[in-house]
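# mind looking at a prediction? Sequence and model below.
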Amino acid sequence: MIMDTSLERGHSPQREILPEVELFTDGACSGNPGAGGWAFILRHPQSGTTKENSGGEYGTTNNRMEISRSFGGWNRSGKNAA
């Protein structure tokens, strides 16, 4: 992935090459609303580093479990995360 770090117009963009990571997520709910669970696996193929996290909540929805863990995994994928 390439990210444009240029902030001013008229300047050629400075490009930073970001590491490639793989993010696997899942979330589900028993009842909607009901008890829900979530998990993610974040993998950095070049280094072989893997981070995992999981948990759950009561009185939640399926959509909330699916989306919140996607963002949780994405937030952990910062430059120094893997």
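In hand now; what should we look at?
# where along this protein do the helices fall?
Ranges of helices in the chain, per DSSP state H, are 62-76.
# helix or strand with the lowest mean pLDDT in it?
strand 2-4 (a mean of 49; mean pLDDT, DSSP states H and E).
# report pLDDT for Gly36.
At Gly36, the model reports a pLDDT of 92.
# need the contact list for it.
Each residue near Gly36 by Cβ atoms under 8 Å, 6 or more residues apart in numbering is listed here: Gly27, Ala28, Cys29, Ser30, Gly56, Glu57, Tyr58, Thr60, Thr61, Asn62, Arg64, Met65. From N, CA and C alone the C-beta is placed, and that goes for glycine too.
# now do Gly56
Contact partners of Gly56, counting by Cβ under 8 Å, 6+ apart, are Ala35, Gly36, Gly37, Trp38.
# go again using 6 Å as the cut-off
Gly56 makes contact with Gly36, Gly37, according to Cβ atoms under 6 Å, 6 or more residues apart in numbering.
# distance-wise, check it relative to Ala35.
Distance of Gly56 to Ala35, computed by Cβ to Cβ, to the nearest Å: 7 Å.
# now do Lys51
As judged by Cβ to Cβ, Lys51 and Ala35 stand 25 Å apart.
# low pLDDT regions in this structure?
1-15, 69-82 (pLDDT under 70).
# all strands of it, in order?
Counting by DSSP state E, the chain has strands at residues 2-4, 15-17, 22-31, 34-44, 49-60.
# please identify the most buried of those strands.
strand 34-44 (a mean of 18; mean count of other Cβ atoms under 10 Å).
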